[in-house]
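**Q** Return a 3D structure for these sequence lines:
(chains A, B and C)
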Amino acid sequence: MALLNKDRLLPADPGVRALARDLYDTIKDAPIISPHGHTDPRWYAQNEAFPDPAQLFVTPDHYVFRMLHSQGVPLEALGVPRVDGGETEADGRKIWRLFAEHYHLFRATPSRIWLDHAFETIFGFTERLSADTADMYYDRISEALQRPEMRPRALFEKFNIEVIATTESPLDDLKWHRMIRESGWGGRVITAYRPDPVVDPDFEGFAQNVETFCQLGGQSGTSFAAYLDAHRDRRAYFASFGATSTDHGHPSAATLNLDRAAVEALYDKVLAGKADAAEREAFRAQMLTEMAKLSCEDGLVMQIHPGSSRNHSDPILARFGRDKGCDIPTRTDYVAALKPLLDAVGQDPELRVILFTLDETTYARELAPLAGVYPCLRLGPAWWFHDSFEGMWRYREMTTETAGFYNTVGFNDDTRAYLSIPARHDVARRVDAGFLANLVATGRLTEEEASEVIHDLTHRLARQAYKL
Amino acid sequence: MALLNKDRLLPADPGVRALARDLYDTIKDAPIISPHGHTDPRWYAQNEAFPDPAQLFVTPDHYVFRMLHSQGVPLEALGVPRVDGGETEADGRKIWRLFAEHYHLFRATPSRIWLDHAFETIFGFTERLSADTADMYYDRISEALQRPEMRPRALFEKFNIEVIATTESPLDDLKWHRMIRESGWGGRVITAYRPDPVVDPDFEGFAQNVETFCQLGGQSGTSFAAYLDAHRDRRAYFASFGATSTDHGHPSAATLNLDRAAVEALYDKVLAGKADAAEREAFRAQMLTEMAKLSCEDGLVMQIHPGSSRNHSDPILARFGRDKGCDIPTRTDYVAALKPLLDAVGQDPELRVILFTLDETTYARELAPLAGVYPCLRLGPAWWFHDSFEGMWRYREMTTETAGFYNTVGFNDDTRAYLSIPARHDVARRVDAGFLANLVATGRLTEEEASEVIHDLTHRLARQAYKL
Amino acid sequence: MALLNKDRLLPADPGVRALARDLYDTIKDAPIISPHGHTDPRWYAQNEAFPDPAQLFVTPDHYVFRMLHSQGVPLEALGVPRVDGGETEADGRKIWRLFAEHYHLFRATPSRIWLDHAFETIFGFTERLSADTADMYYDRISEALQRPEMRPRALFEKFNIEVIATTESPLDDLKWHRMIRESGWGGRVITAYRPDPVVDPDFEGFAQNVETFCQLGGQSGTSFAAYLDAHRDRRAYFASFGATSTDHGHPSAATLNLDRAAVEALYDKVLAGKADAAEREAFRAQMLTEMAKLSCEDGLVMQIHPGSSRNHSDPILARFGRDKGCDIPTRTDYVAALKPLLDAVGQDPELRVILFTLDETTYARELAPLAGVYPCLRLGPAWWFHDSFEGMWRYREMTTETAGFYNTVGFNDDTRAYLSIPARHDVARRVDAGFLANLVATGRLTEEEASEVIHDLTHRLARQAYKL
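**A** So this is what the prediction gives:
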């Protein structure tokens, strides 16, 4: 008995499955390229043991606690910290038991696949998590976490990670990255430039952030010219810690290309806190174009992650703060939204923009046609709620015929759940193997071609697209 | 020769089909739970014979006459009554022949599956309906309808219906439900509270409806307080006839949570007929939140069915009235629309809201993420145009990975076509068996789990979600 | 070794494939009905040899050069002419080599299927195009193009084309069509009426176009009455050259049905160049209804092709002009948009309107429900970016259950790439065979029915829908 079926996620048809298995076998042990994620650089810097099983798998994982909450489990009972510092469950074993009792909720979800993968391949479990096995799991994981081979750096090597990117604010001093570099450890951990705190007027403390930012960027004031130069400076600083990309989490994909005087007036208004909602959106839109122009200068690859309605529940936000599983995708437009940026710099051979979406209707209608003609555009992989078997399959089905494989960029794990990284890449590899096997079985690709493409999708495109 | 293939709708792959058949066999004879539908309570109350075949299968079924109309058959020729009382076809046999001649139009549609299922399992036909077999069908059905075992109550028992809900207006006195109860017959037929005539200012006779409603609800006036108390009173009255749910058919999913003074002002304006379109929409939106608050009080499960552009054709509406197959789905937003209601009462453990959609793009993008975090939300099954093999399959594929199985509520037949009820539930059971078999075949679920989940989807979740 | 797999695009499951192959075999050699396309009538009129391989396959094909451009190949290097007449690559062999080096980009795209089909069936290639085989391809194609059996008329017969429609502006004198007719050649080449230049105020030279148009249409002035009569006249002229349809490529599907005075005022304003964007859109919307009314008079089948954001890139438009692969689909509404037209003439038995979309979300939500009830409406096949294996499959899956097969119109190749026509029809035939085989295998259709439907989808529905 095992948690994992050897042929999981491969096509059910025996003939197609055989083809898929052959393809999968050629890349299943390929190194992990993780160009976009949210692991904590402190882990690699300090290399300390992870805390108890609940702190590792439940309390910080919004995929997990959102599902339990949807069935009436209060977030307090899962140890999620309250904004007011009020009491929440502190007993890891109690949290773990609650999680285990509800484990059936995850049937047929990606969380179940990721968790079972970690449970079996990292901790050796062969019996499913349930109320009955909760304590056995808790004890064994707790004990294992104390062992040296479970430290972050050891896992990095066990996971066969070639390179992993973290994401930092321009206000971050990158001290953990510095510590990693100075430690002499050979793991390649790089940063990425995520300027939301200084380009989004709705971000908490925006004006103060900009002031700090300009100082950090070596500027004597906060004029728009100084502000742009601060970006130049901080981007170079990030690049010196390995960054090859920037990341932009705007509510929409709106871009603008105003003339300089208009931009400066808008910037002044926004900084003074006098801009209305439309003007704040306009500033974000303009800043995407400014960032693209800076990418033409310094070559950093630009990632755009739009379309999430963040912190949808006011009561949850008030009680538990941001990022508590209440981010809901919204309908997103790219065609009109990206036109100003693309008209400005879309033909520049130095620019590369990787587009993501939470609105699958845009795959075939907007994103594949755009990426299928603009030299600067590439499509990021199926993202967040769509980072799943069905989500990835739909992504390939709806983008490939128009954009081909070579306008896509391989897989991103996009996670802060360190132990799920091998599982996530494995799911992507299985989907791609199955998808290619299906193309071979239906005469759309030869086996030789599929054997080449599976390598492109697993590692080559990620290295190329992210300049790694 | 039979009309029905024994393995219909099960996956084509032999291995997966075998798994699916095993799952299906365990629940194919499970009782029917029908928590949301539109059968006429009078049928169960009076238990009279159904009229002729055309009146049973063609003239009242918008799925059927819309398809014939789409190919140029005038509704008059199908006996659909005219608003002006003008002549329409009255000869059942002529209508039936017209239907039979066009039966090929239904190839690969759910209507074909439902009709063939009734034709074979209720009337014993083994030859397909066509121009050639029209009279044979007509004669045999006509004759059968006269037999006692074809009366509504006998069919109820034959269909193995555990409970069925009808839908009534708050203005309804529920006399048929009273007659059923007083008849001593053991069939469980319950009502559901559908307040559209008194919460939708665009409903015919709205102001008069509200006045009648307040009187029926024991109020001396029509103040907003009285109006809300009338709701309390009528909801309790409906609950005394078994109602466990309310149902809301708004054009959009918009909700609002205005302060009391603003609500009262809006109510007064709407009642006075002085509200513009935006204010009437605002009133509907506010009333969804008011209904949710009343559900927190009395525990009635709330169902929201938004997004139909009703009576799309002016000429058809003028000539034949409402509900003549011209209701067309529209793009529907849930994320911003539901926020006011969810912020107000979305964390209340007493509240349960079941969401439906005619816009499949919202499954993965909006509905599954919302239901996957809000404790009050559940997803209703694939609805109306999507109550079909492909529609249900897409529903499971696009909701399960984010919301799981346990934020869904089993199947609704949602029909006034009584003889189609077993067929409709059978389709859902086959889809679920096939879907689960596919998960087992691709290593995403064990057979033991699938055996449990198929029971959840067939009957347990419906009982739980609707408090039956 | 061959480029084409004999069973390509048929379902992978062996049992379903056998069914599909049987169905396909019955229609694979059926004549091609091509009721909507963009081949050049001059080809059939003059019957001259096609130029070199690059001019045939690369430079004029936006499917091809857009993909190469998306990976950084400048359009100049592919010989695409510049607006300013500046230099672009003129050496066909150099262009061809560039294309060949990038041929892997087309893996799993429809272009690859179309190209390989032409390469193998027309030119006899059995080795894939690549940098290595580029010259071999170029030489063999160049040589073949000089042979008489490669002239347009010979290919017309080889392709087994029963009828093909081209598309002309009302300003066109149809001289090539006249030459075809007068040549005595028996090929049936008909025109279609595409009035965009005289109904779209945003079209280049609109006012001048209208003036010329009214003269051509035998009118002495340009009053709205004269303008409508000119349409009547030109439509009749087109019909005399075989036209059975009109075609309308509006940015949206918006229609209006204003009263005559309002229409005339709008027309005058538009013609005077004083209309704002909303008024220009209103005029296009009104003209769709006017065209529908004229179709009620003269029986021409109306085609509506909305929802493309044309010439999305300003720099490409400025440098290379229109139609350079930068047309991007946009979200499109049909429900509210078509209501005015449908209320005006939607029940007229003379009217037939064929709807197309680039927004697949409308298939199940809007288009199938509309076509499933309005007698005038039919659904055009999967269009443009969706003219592909997956696109056609989604089209059938999302429209059939609600609209059935008989509210669809068979396949359109919609192409100016003459040599791709057999390949495109072949893809559609294979998809339909596979789709029907799947219905048979899952008990939704009998084999006898599928054998009939495959003929409907391949040729009968196209003849009926387009009155050919």
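
**Q** And the helices in the stretch 201-350 of chain A, which stretches?
**A** Counting by DSSP state H, counting those that start in this stretch, residue ranges of the helices within the stretch 201-350 of chain A are A:206-216, A:224-240, A:260-271, A:277-298, A:314-320, A:335-345.

**Q** So which bits of the stretch 1-150 of chain A are right by chain C?
**A** Where proximity means C-beta under 8 Å from any C-beta of the partner chain, the interface of the stretch 1-150 of chain A facing chain C comprises A:11, A:13, A:15-16. The way it works is simple: take the backbone N, C-alpha and C, and place the C-beta from them, glycine included.

**Q** Between the residues you listed, which sits nearest chain B?
**A** In terms of C-beta to the nearest C-beta, no member of the residues of the stretch 1-150 of chain A next to chain C lies closer to chain B than residue A:13, at 5.5 Å.

**Q** how many neighbours does the closest one have?
**A** Other residues within reach of residue A:13 by the criterion other C-beta atoms under 10 Å in any protein chain shown amount to 24.

**Q** surely it meets residue C:16?
**A** No - at 9.6 Å, residue A:13 and residue C:16 do not qualify as touching, with contact defined as C-beta atoms under 8 Å.

**Q** Now render the helices of the stretch 201-350 of chain A as a markdown table, adding mean pLDDT, mean neighbour count and distance to residue A:153.
**A** Formatted as a markdown table, the helices of the stretch 201-350 of chain A follow (pLDDT from 0 to 100; neighbours: other C-beta atoms under 10 Å in any protein chain shown; distance: least, C-beta to C-beta, whole Å):
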| stretch | mean pLDDT | mean neighbour count | distance to residue A:153 |
| --- | --- | --- | --- |
| helix A:206-216 | 98 | 18 | 29 |
| helix A:224-240 | 98 | 19 | 22 |
| helix A:260-271 | 98 | 16 | 42 |
| helix A:277-298 | 98 | 19 | 30 |
| helix A:314-320 | 96 | 18 | 32 |
| helix A:335-345 | 98 | 22 | 40 |
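
**Q** among these, which is nearest chain B?
**A** Evaluated over the helices of the stretch 201-350 of chain A, closeness to chain B peaks at helix A:314-320, with 4.4 Å, by C-beta to the nearest C-beta.

**Q** how about the helices of the stretch 201-350 of chain A, which one is nearest chain C?
**A** Of all the helices of the stretch 201-350 of chain A, the one in closest proximity to chain C, counting by C-beta to the nearest C-beta, is helix A:335-345 (4.4 Å).

**Q** which other helices and strands contact the helix or strand just after the closest one?
**A** Beyond helix A:335-345 in the direction of the C-terminus, DSSP states H and E gives the next helix or strand as strand A:353-355. In this structure, strand A:353-355 packs against strand A:301-304, strand A:377-379, with contacts taken as 3 or more C-beta pairs under 8 Å, 6 or more residues apart in numbering or on different chains; DSSP states H and E.

**Q** Buried deepest among these, which one?
**A** Looking across these with neighbours counted as mean count of other C-beta atoms under 10 Å in any protein chain shown, the highest average goes to strand A:301-304: a mean of 24.

**Q** Sheet partners, orientation included, of it?
**A** In the sheet containing strand A:301-304, its partner strands are strand A:245-248 (parallel), strand A:353-355 (parallel), by DSSP bridges.

**Q** what's in contact with that strand?
**A** With C-beta atoms under 8 Å, 6 or more residues apart in numbering or on different chains as the test, strand A:301-304 has contacts from A:36, A:192, A:244-248, A:250, A:253, A:288, A:291-292, A:295, A:351-356, A:380, A:465-467.

**Q** Does chain C have contacts with the helix or strand containing residue A:450?
**A** Element membership for residue A:450, per DSSP H and E: helix A:447-455. Yes - where contact is defined by C-beta under 8 Å from any C-beta, part of helix A:447-455 touches chain C, namely A:449, A:453.

**Q** So of the residues of the stretch 1-150 of chain A next to chain C, which two are at opposite extremes in space?
**A** Of all pairs drawn from the residues of the stretch 1-150 of chain A next to chain C, the greatest distance, 8.9 Å, lies between A:11 and A:15 (C-beta to C-beta).

**Q** Find residues that contact each of those two.
**A** Common contacts of residue A:11 and residue A:15, defined by C-beta under 8 Å, 6+ apart, comprise residue C:12.

**Q** These two: which has the busier surroundings?
**A** For the pair residue A:11 and residue A:15, the greater number of neighbours falls to residue A:11 (24 against 15), based on other C-beta under 10 Å.

**Q** before we move on, the earlier item: let me have the residues of the stretch 1-150 of chain A next to chain C in TSV, extended by secondary structure and distance to chain B.
**A** Converted to TSV, the residues of the stretch 1-150 of chain A next to chain C look like this (DSSP: H, G, I helix; E, B strand; the rest coil; distance: C-beta to the nearest C-beta, whole Å):
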residue	secondary structure	distance to chain B
A:11	coil	8
A:13	coil	6
A:15	helix	10
A:16	helix	10
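
**Q** Would you reformat the residues you listed as a markdown table and include pLDDT?
**A** As requested, these are exported to a markdown table (pLDDT from 0 to 100):
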| residue | pLDDT |
| --- | --- |
| A:11 | 98 |
| A:13 | 97 |
| A:15 | 98 |
| A:16 | 98 |
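
**Q** Could you chop chain A up by domain?
**A** Using automatic domain parsing, the domain parsing of chain A gives A:14-50+A:148-465, A:51-147.

**Q** what about the shortest one, near chain B?
**A** Yes - judged by C-beta under 8 Å from any C-beta, domain A:51-147 comes into contact with chain B through A:66-67, A:69-72, A:104-110, A:112-113, A:128.

**Q** Which pair in those has the greatest spatial separation?
**A** Spatial extent of the residues of domain A:51-147 next to chain B (C-beta to C-beta) is set by the pair A:72 and A:113 at 24.3 Å.

**Q** Let me see the residues that make contact with stretch A:56-70.
**A** A:50, A:73, A:75, A:78-80, A:95-96, A:98-99, A:102, A:105-106, A:109-111, A:115, A:118, A:141, A:145, A:323-326, A:416-417, A:419, B:371-375, B:377, B:403-404, B:407.

**Q** got the buried residues for it?
**A** Of the residues in stretch A:56-70, A:56-70 count as buried by neighbour count, 16 or more other C-beta atoms under 10 Å in any protein chain shown.

**Q** Can you give me the end-to-end span of it?
**A** Across its full length, stretch A:56-70 reaches 21 Å between end residues, using C-alpha to C-alpha, to the nearest Å.

**Q** Just the mean pLDDT for stretch A:397-410, thanks.
**A** Confidence over stretch A:397-410, taken as the mean pLDDT, stands at 98.
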